[in-house]
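K.L.:
Output the structure for:
(4 chains)
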2 protein chains.
Amino acid sequence: MTIEAISKAIGDESRRKIIEMLKDGEMPASSIFDQFDYAAPTISRHLSVLKEAGLVTTRRNGVFIYYALEKEALNQLAAWLNPLLPPTNPVAKPAPKERAARAPKVKIENPFDKFQSEF
Amino acid sequence: MTIEAISKAIGDESRRKIIEMLKDGEMPASSIFDQFDYAAPTISRHLSVLKEAGLVTTRRNGVFIYYALEKEALNQLAAWLNPLLPPTNPVAKPAPKERAARAPKVKIENPFDKFQSEF
DNA sequence: TAATTGATTAGCATTTTAGCTAATAAAACT
DNA sequence: AGTTTTATTAGCTAAAATGCTAATCAATTA
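P.N.:
Alright, predicted model coming up:
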């Protein structure tokens, strides 16, 4: 559940796709396998990477193993990311020639704003 | 500037540290090098990975090359991440034995909420 | 123009990652 | 018990990533 493991886990396309697939609820491993052209063991290993990172949890029901997204882990990534997004002081070392006064205050759009109404 | 390149770039500890260093403004490469125990060329390569991902931009001033964080690229990652965070339907395939009605609607805390007042 | 400073590129070694097939495990069914 | 189904683990190969030193580039200064 470290930011290291989470961010590494997310750095792979197949794993991001798995995360997206689990957005709306759990899914047995076989259903996940079906969505890929890769061999099942390959995806199984991706699942284990996600699990080690704390991004998914599993529960067994008979032969089926259901994978579920652990949103808390995604929240950790979000928590790392968010402080980097809001507009802050534009430069650490003050620009040598220009005055800061009345600088046009570039508005950096924050895509999270779009979703706030849903919470 | 693809989510692929951005998420891979963020999957490395040194690169995340660089991003954090640039949070409050640009910085010359040498100042970045100083913060690491790695050889300068190693960090220089990390910088080029960040640049190829669109996470930083550079400007030269004399001998110095200033690196600046490109928040728009971080926004892209945030835009990918955010739809995965809000509570949605709990299961894609309805649970076999249980009724969905009056399910306890687990509240998943969203860390972005904490920062909204700043925008 | 030669030397110095800041930074990158080249070339190499080592480790890690991602893919495969084959083998194994675990539950369910005959 | 033996077979089938679902899923993982083992063992391997190839590619990518990460670190280093040496060499190079680009701007400044003596």
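
K.L.:
For chain A, which residues are neighbours of DNA strand C?
P.N.:
Within chain A, the residues that sit near DNA strand C (C-beta under 7 Å from any atom of the strand) are A:8, A:11-12, A:14, A:37-39, A:41-42, A:45-46, A:49, A:60, A:62-63. Every residue, glycine included, has its C-beta placed from N, CA and C.

K.L.:
Any of those residues buried? List them.
P.N.:
Burial by neighbour count, 16 or more other C-beta atoms under 10 Å in any protein chain shown: within those this picks out A:Lys8, A:Gly11, A:Asp12, A:Ser14, A:His46, A:Val49.

K.L.:
Adding secondary structure and distance to B:Thr2, write those residues out as a markdown table.
P.N.:
Below are these laid out as a markdown table (DSSP: H, G, I helix; E, B strand; the rest coil; distance: C-beta to C-beta, whole Å):
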| residue | secondary structure | distance to B:Thr2 |
| --- | --- | --- |
| A:Lys8 | helix | 18 |
| A:Gly11 | coil | 12 |
| A:Asp12 | coil | 13 |
| A:Ser14 | helix | 15 |
| A:His46 | helix | 19 |
| A:Val49 | helix | 21 |
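
K.L.:
from these, which two are the most distant?
P.N.:
Within those, A:Lys8 and A:Ser14 form the most distant pair, 13.5 Å apart (C-beta to C-beta).

K.L.:
phi, psi of A:Glu4?
P.N.:
phi -60, psi -50 (degrees, to the nearest 10).

K.L.:
so it sits right up against B:Glu13, yeah?
P.N.:
Yes: at 6.0 Å, A:Glu4 counts as touching B:Glu13 under the criterion of C-beta atoms under 8 Å.

K.L.:
Can you get me a residue count around A:Ala29?
P.N.:
Residues lying near A:Ala29 (other C-beta atoms under 10 Å in any protein chain shown) number 16.

K.L.:
Ok, A:Arg15 next?
P.N.:
Neighbourhood size, A:Arg15 [other C-beta under 10 Å]: 21.

K.L.:
tell me which element it falls in.
P.N.:
helix A:13-21 (DSSP states H and E).

K.L.:
From the contact counts, what lies against the helix or strand just after that helix?
P.N.:
Reading on from helix A:13-21 to the C-terminus, the next helix or strand found by DSSP H and E is strand A:27-28. Counting contacts by 3 or more C-beta pairs under 8 Å, 6 or more residues apart in numbering or on different chains; DSSP states H and E, strand A:27-28 packs against strand A:64-69.

K.L.:
which bits of chain A sit near DNA strand D?
P.N.:
For chain A, the residues in contact with DNA strand D (C-beta under 7 Å from any atom of the strand) are A:28-31, A:33, A:40-41, A:44-45, A:47-48, A:58, A:63-65.

K.L.:
who's in contact with the one residue in chain A that gets nearest to DNA strand D?
P.N.:
In chain A, no residue comes nearer to DNA strand D than A:Ser30, which is 2.3 Å away by C-beta to the nearest atom of the strand. Taking C-beta atoms under 8 Å, 6 or more residues apart in numbering or on different chains as the criterion, A:Ser30 is in contact with A:Phe64.

K.L.:
what residue is smack in the middle of chain A?
P.N.:
By C-alpha atoms, centre = their mean, chain A has its centre lying nearest to A:Leu74, at 5.0 Å.

K.L.:
tell me which element that residue falls in.
P.N.:
helix A:71-81.

K.L.:
That helix to helix B:13-21, inter-axis angle?
P.N.:
50 degrees (axes from the mean of the first three to the mean of the last three C-alpha atoms, to 10 degrees).
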